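Participant: Below are the sequence and a predicted model for it; my questions follow.
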Amino acid sequence: MKPEIIVMNFTHVYEQERFLTNRRFRWIDCTDLNGTDCYCDTEAARAISQRIESYSPQGLHFIDSGNYHYVSKLWTDKINEPFSMVLFDHHPDMQPSLFDEMLSCGSWVKTMLDTNPCLRKVLVVGAADKLIRSVPDEYRSRVKFYGESVIEHEDAWRSFSHEHVDEPVYISVDKDVLNTESAVTNWDQGSMSLASLESLLTIILRNESVIGIDVCGECTPSLDLFDEQRSLSIDGKANKELLALYCRIESATDSPAVC
(Lines give C-alpha, C1' and ligand atoms only; values in the text may rest on other atoms or scores of the structure.)
Protein backbone atom coordinates (compact mmCIF):
# COMPACT_ATOMS: atom_id res chain seq x y z
CA MET A 1 0.00 0.00 0.00
CA LYS A 2 1.33 3.44 -0.93
CA PRO A 3 2.30 5.49 2.16
CA GLU A 4 -0.03 8.40 2.83
CA ILE A 5 0.10 11.68 4.74
CA ILE A 6 -2.61 11.61 7.41
CA VAL A 7 -3.75 14.67 9.37
CA MET A 8 -5.76 13.94 12.52
CA ASN A 9 -7.66 17.08 13.41
CA PHE A 10 -8.67 17.25 17.09
CA THR A 11 -8.23 20.98 17.87
CA HIS A 12 -8.26 22.82 14.49
CA VAL A 13 -4.60 23.75 15.03
CA TYR A 14 -3.42 22.42 11.66
CA GLU A 15 -5.96 24.61 9.88
CA GLN A 16 -4.21 27.63 11.39
CA GLU A 17 -0.64 26.43 10.69
CA ARG A 18 -1.46 26.14 6.98
CA PHE A 19 1.53 23.94 6.11
CA LEU A 20 -0.57 21.01 4.87
CA THR A 21 -1.82 22.38 1.57
CA ASN A 22 -1.74 19.25 -0.62
CA ARG A 23 -5.35 18.25 -1.31
CA ARG A 24 -4.31 14.62 -1.56
CA PHE A 25 -3.42 14.51 2.14
CA ARG A 26 -6.00 12.59 4.16
CA TRP A 27 -7.71 14.67 6.84
CA ILE A 28 -9.48 12.77 9.62
CA ASP A 29 -11.88 15.01 11.50
CA CYS A 30 -11.96 14.22 15.22
CA THR A 31 -13.18 17.60 16.44
CA ASP A 32 -16.63 16.22 17.24
CA LEU A 33 -15.35 13.56 19.65
CA ASN A 34 -15.68 13.90 23.41
CA GLY A 35 -13.52 12.15 25.99
CA THR A 36 -10.26 12.58 24.07
CA ASP A 37 -8.25 15.38 25.73
CA CYS A 38 -5.31 13.83 27.66
CA TYR A 39 -7.47 10.84 28.60
CA CYS A 40 -9.29 8.74 26.03
CA ASP A 41 -12.31 6.81 27.20
CA THR A 42 -13.39 3.49 25.70
CA GLU A 43 -16.06 4.98 23.46
CA ALA A 44 -13.70 7.63 22.06
CA ALA A 45 -10.92 5.07 21.49
CA ARG A 46 -13.39 2.91 19.56
CA ALA A 47 -14.47 5.89 17.45
CA ILE A 48 -10.89 6.91 16.63
CA SER A 49 -9.99 3.33 15.72
CA GLN A 50 -12.98 3.19 13.37
CA ARG A 51 -11.93 6.43 11.68
CA ILE A 52 -8.41 5.16 10.98
CA GLU A 53 -9.55 1.61 10.15
CA SER A 54 -9.16 1.98 6.38
CA TYR A 55 -5.67 3.49 6.62
CA SER A 56 -2.33 1.76 6.91
CA PRO A 57 0.16 2.39 9.75
CA GLN A 58 2.60 3.14 6.93
CA GLY A 59 3.18 6.77 6.02
CA LEU A 60 3.31 9.96 8.07
CA HIS A 61 0.62 10.80 10.62
CA PHE A 62 0.17 14.22 12.23
CA ILE A 63 -1.81 13.65 15.45
CA ASP A 64 -2.23 17.15 16.98
CA SER A 65 -1.00 18.18 20.45
CA GLY A 66 0.82 15.99 22.95
CA ASN A 67 -2.51 15.55 24.73
CA TYR A 68 -3.36 13.06 21.96
CA HIS A 69 -0.07 11.17 21.84
CA TYR A 70 -1.91 8.03 22.91
CA VAL A 71 -3.17 7.85 19.29
CA SER A 72 0.24 6.32 18.49
CA LYS A 73 -0.97 3.26 20.36
CA LEU A 74 -4.01 3.01 18.08
CA TRP A 75 -1.87 3.30 14.94
CA THR A 76 0.58 0.63 16.14
CA ASP A 77 -2.29 -1.71 17.04
CA LYS A 78 -2.64 -2.06 13.27
CA ILE A 79 0.89 -3.52 12.89
CA ASN A 80 0.76 -7.31 12.58
CA GLU A 81 4.48 -8.13 12.61
CA PRO A 82 7.20 -7.85 15.28
CA PHE A 83 8.41 -4.24 15.56
CA SER A 84 10.19 -1.79 17.83
CA MET A 85 9.21 1.81 18.49
CA VAL A 86 11.69 4.68 18.30
CA LEU A 87 10.17 7.39 20.50
CA PHE A 88 11.42 10.99 20.46
CA ASP A 89 9.89 12.42 23.62
CA HIS A 90 10.92 14.46 26.66
CA HIS A 91 8.67 12.14 28.72
CA PRO A 92 8.73 8.30 28.62
CA ASP A 93 4.90 8.27 28.89
CA MET A 94 5.04 5.23 31.17
CA GLN A 95 3.11 6.45 34.20
CA PRO A 96 0.41 4.17 35.58
CA SER A 97 -2.96 5.44 34.37
CA LEU A 98 -5.25 6.96 36.99
CA PHE A 99 -8.11 5.12 35.28
CA ASP A 100 -7.34 1.53 34.22
CA GLU A 101 -9.96 1.52 31.49
CA MET A 102 -8.64 4.66 29.81
CA LEU A 103 -5.70 5.41 27.56
CA SER A 104 -3.80 8.53 28.51
CA CYS A 105 -1.09 10.73 27.06
CA GLY A 106 1.11 9.87 30.05
CA SER A 107 0.64 6.09 30.13
CA TRP A 108 0.20 4.91 26.54
CA VAL A 109 3.75 3.51 26.18
CA LYS A 110 3.25 1.35 29.28
CA THR A 111 -0.11 0.22 27.89
CA MET A 112 1.53 -0.76 24.60
CA LEU A 113 4.23 -2.77 26.37
CA ASP A 114 1.58 -4.51 28.46
CA THR A 115 -0.87 -5.31 25.67
CA ASN A 116 0.76 -5.38 22.21
CA PRO A 117 2.26 -8.82 21.50
CA CYS A 118 4.10 -7.52 18.41
CA LEU A 119 5.99 -4.78 20.25
CA ARG A 120 9.51 -5.91 21.10
CA LYS A 121 11.22 -2.77 22.45
CA VAL A 122 10.77 0.96 22.90
CA LEU A 123 13.85 3.10 22.21
CA VAL A 124 13.44 6.54 23.78
CA VAL A 125 15.41 9.60 22.66
CA GLY A 126 15.50 12.81 24.67
CA ALA A 127 13.65 11.88 27.88
CA ALA A 128 14.41 13.83 31.07
CA ASP A 129 16.82 12.03 33.41
CA LYS A 130 14.49 12.14 36.41
CA LEU A 131 11.72 10.55 34.36
CA ILE A 132 14.05 7.85 33.06
CA ARG A 133 14.88 6.92 36.66
CA SER A 134 11.19 6.52 37.45
CA VAL A 135 10.59 3.75 34.89
CA PRO A 136 9.77 0.49 36.75
CA ASP A 137 12.54 -2.12 36.76
CA GLU A 138 10.36 -4.78 35.10
CA TYR A 139 10.37 -2.74 31.86
CA ARG A 140 14.11 -2.06 31.72
CA SER A 141 14.88 -4.97 29.40
CA ARG A 142 12.37 -3.67 26.82
CA VAL A 143 12.86 0.09 27.17
CA LYS A 144 16.20 1.63 26.20
CA PHE A 145 17.17 5.28 26.61
CA TYR A 146 19.84 7.31 24.91
CA GLY A 147 20.83 10.92 24.42
CA GLU A 148 20.79 12.66 21.08
CA SER A 149 24.49 13.52 21.30
CA VAL A 150 25.44 9.84 21.52
CA ILE A 151 23.85 8.71 18.27
CA GLU A 152 23.96 11.81 16.12
CA HIS A 153 26.40 9.97 13.89
CA GLU A 154 25.59 7.14 11.53
CA ASP A 155 28.21 4.74 12.90
CA ALA A 156 26.93 5.25 16.45
CA TRP A 157 23.36 4.51 15.35
CA ARG A 158 24.44 1.40 13.47
CA SER A 159 26.19 0.12 16.59
CA PHE A 160 23.16 0.83 18.76
CA SER A 161 20.78 -0.66 16.19
CA HIS A 162 22.90 -3.81 15.87
CA GLU A 163 22.61 -4.32 19.63
CA HIS A 164 18.94 -3.45 20.15
CA VAL A 165 16.97 -3.56 16.87
CA ASP A 166 16.16 -6.81 15.07
CA GLU A 167 12.89 -5.84 13.43
CA PRO A 168 11.19 -2.97 11.57
CA VAL A 169 10.60 0.22 13.54
CA TYR A 170 7.73 2.65 13.98
CA ILE A 171 8.83 6.22 14.81
CA SER A 172 6.85 8.52 17.08
CA VAL A 173 7.89 12.16 17.53
CA ASP A 174 6.58 14.45 20.26
CA LYS A 175 7.92 17.91 19.56
CA ASP A 176 8.32 18.51 23.30
CA VAL A 177 11.68 16.78 22.81
CA LEU A 178 12.76 20.01 21.07
CA ASN A 179 14.01 23.23 22.62
CA THR A 180 11.69 26.23 22.81
CA GLU A 181 13.31 27.88 19.78
CA SER A 182 12.34 24.88 17.63
CA ALA A 183 8.82 24.16 18.90
CA VAL A 184 6.16 25.48 21.27
CA THR A 185 4.18 22.82 23.13
CA ASN A 186 1.90 22.63 26.15
CA TRP A 187 4.39 20.51 28.14
CA ASP A 188 7.87 21.12 29.53
CA GLN A 189 10.44 20.67 26.78
CA GLY A 190 13.85 19.18 26.12
CA SER A 191 17.01 20.62 24.61
CA MET A 192 17.21 19.07 21.14
CA SER A 193 17.38 21.39 18.15
CA LEU A 194 15.23 20.84 15.08
CA ALA A 195 18.42 20.29 13.06
CA SER A 196 19.50 17.50 15.45
CA LEU A 197 16.09 15.86 15.26
CA GLU A 198 16.19 15.96 11.47
CA SER A 199 19.71 14.52 11.47
CA LEU A 200 18.70 11.61 13.70
CA LEU A 201 15.55 10.92 11.70
CA THR A 202 17.54 10.89 8.47
CA ILE A 203 19.97 8.34 9.91
CA ILE A 204 17.15 6.08 11.10
CA LEU A 205 15.12 6.39 7.91
CA ARG A 206 18.14 5.47 5.83
CA ASN A 207 19.31 2.57 8.00
CA GLU A 208 16.13 0.87 9.22
CA SER A 209 13.01 -0.65 7.79
CA VAL A 210 10.54 2.03 8.90
CA ILE A 211 6.86 1.10 9.03
CA GLY A 212 5.53 4.59 9.67
CA ILE A 213 5.94 7.84 11.58
CA ASP A 214 3.69 10.03 13.66
CA VAL A 215 4.25 13.58 14.91
CA CYS A 216 2.50 15.41 17.75
CA GLY A 217 3.25 18.34 20.05
CA GLU A 218 1.20 21.20 18.66
CA CYS A 219 0.61 24.30 20.74
CA THR A 220 -2.71 24.98 22.43
CA PRO A 221 -4.76 28.18 22.05
CA SER A 222 -3.52 31.16 24.05
CA LEU A 223 -5.29 34.21 25.44
CA ASP A 224 -2.45 36.29 24.02
CA LEU A 225 -2.95 36.60 20.26
CA PHE A 226 0.69 37.57 19.62
CA ASP A 227 2.01 34.53 21.54
CA GLU A 228 -0.45 32.26 19.77
CA GLN A 229 0.59 33.47 16.32
CA ARG A 230 4.26 33.08 17.25
CA SER A 231 3.63 29.52 18.48
CA LEU A 232 1.73 28.62 15.33
CA SER A 233 4.54 29.99 13.18
CA ILE A 234 7.27 28.05 15.03
CA ASP A 235 5.32 24.77 15.12
CA GLY A 236 4.21 25.15 11.51
CA LYS A 237 7.82 25.63 10.42
CA ALA A 238 8.92 22.51 12.33
CA ASN A 239 6.11 20.43 10.83
CA LYS A 240 6.84 21.73 7.34
CA GLU A 241 10.50 20.75 7.65
CA LEU A 242 9.68 17.29 9.04
CA LEU A 243 7.18 16.75 6.21
CA ALA A 244 9.77 17.83 3.62
CA LEU A 245 12.39 15.51 5.15
CA TYR A 246 10.01 12.55 5.06
CA CYS A 247 8.94 13.24 1.48
CA ARG A 248 12.53 13.74 0.35
CA ILE A 249 13.63 10.36 1.70
CA GLU A 250 10.45 8.59 0.57
CA SER A 251 10.89 9.95 -2.96
CA ALA A 252 14.09 7.94 -3.21
CA THR A 253 12.24 4.67 -2.53
CA ASP A 254 10.20 2.51 -4.87
CA SER A 255 6.87 3.58 -3.28
CA PRO A 256 7.07 7.29 -2.50
CA ALA A 257 4.41 8.86 -0.33
CA VAL A 258 1.81 11.27 -1.63
CA CYS A 259 3.68 14.52 -0.91
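Facilitator: On my side now, so go ahead. Numbering: from 1, shown residues only.
Participant: contacts and neighbour counts: CA atoms only from here.
Facilitator: OK.
Participant: quick one: the strands in the protein?
Facilitator: For the chain, the strands defined by DSSP state E cover 4-9, 26-29, 39-40, 59-62, 83-88, 103-104, 119-125, 143-146, 169-174, 210-216.
Participant: From the rest of the structure, what touches the first one?
Facilitator: Here strand 4-9 makes contact (CA atoms under 8 Å, 6 or more residues apart in numbering) with 25-31, 58-64, 257-259.
Participant: ranges for the helices of this structure?
Facilitator: Applying DSSP state H to the chain gives helices spanning 13-17, 42-51, 71-76, 108-115, 129-133, 154-164, 194-207, 225-250.
Participant: related to what we said a few turns ago, quick one, which of the strands of the chain is packed in tightest?
Facilitator: Counting by mean count of other CA atoms under 10 Å, strand 103-104 has the highest mean neighbour count of the strands of the chain, with a mean of 28.
Participant: Please name every helix or strand in contact with that strand.
Facilitator: Counting contacts by 3 or more CA pairs under 8 Å, 6 or more residues apart in numbering; DSSP states H and E, strand 103-104 is packed against strand 39-40.
Participant: Direction included, what does the strand it packs on pair up with?
Facilitator: Using DSSP bridges, the strands paired with strand 39-40 in its sheet are strand 103-104 (antiparallel).
Participant: Now find how far off-centre the strand it pairs with is within its chain.
Facilitator: Here strand 103-104 is found 15 Å from its chain centre; the criterion is CA atoms, centre = their mean, to the nearest Å.
Participant: and if you look at stretch 180-191?
Facilitator: When distances are taken as CA atoms, centre = their mean, stretch 180-191 is centred 15 Å away from the chain's centroid.
Participant: In contact with Asp64, which residues are there?
Facilitator: For Asp64, the contacting residues are 8-11, 13-14, 215-218, taking CA under 8 Å, 6+ apart as the criterion.
Participant: how far away is the closest residue to Glu81 other than its chain neighbours from Ile6?
Facilitator: Of all residues not flanking Glu81 in the chain, Cys118 sits nearest, at 5.8 Å (CA to CA, 6 or more residues apart in numbering). Distance of Cys118 to Ile6, given as CA to CA, to the nearest Å: 23 Å.
Participant: Likewise for Ala257?
Facilitator: 11 Å.
Participant: list residues touching both of these two?
Facilitator: Gly59.
Participant: and the closest residue to Asp188 other than its chain neighbours, how many neighbours?
Facilitator: Sequence neighbours aside, Asp176 is the residue nearest to Asp188 in space, at 6.8 Å (criterion: CA to CA, 6+ apart). Other residues within reach of Asp176, judged by other CA atoms under 10 Å, total 30.
Participant: Can you tell me how far Asp176 is from Met112?
Facilitator: Asp176 is 20 Å from Met112, by CA to CA.
Participant: likewise Val122?
Facilitator: Val122 is 10 Å from Met112, by CA to CA.
Participant: just Asp137 next, same as before
Facilitator: Here the criterion is CA to CA. By it, Asp137 lies 16 Å from Met112.
Participant: Looking at those two, which is more packed in?
Facilitator: Between Asp137 and Met112, counted using other CA under 10 Å, Met112 has the larger neighbour count: 21 against 9.
Participant: doesn't Cys118 make contact with that one?
Facilitator: No. Checked against CA atoms under 8 Å, the pair Met112 and Cys118 is beyond contact range at 9.5 Å.
Participant: Contacts only, for the closest residue to Lys240 other than its chain neighbours.
Facilitator: Nearest non-adjacent residue to Lys240, counting by CA to CA, 6+ apart: Phe19, 5.9 Å away. When the contact criterion is CA under 8 Å, 6+ apart, the partners of Phe19 are 236-237, 239-240.
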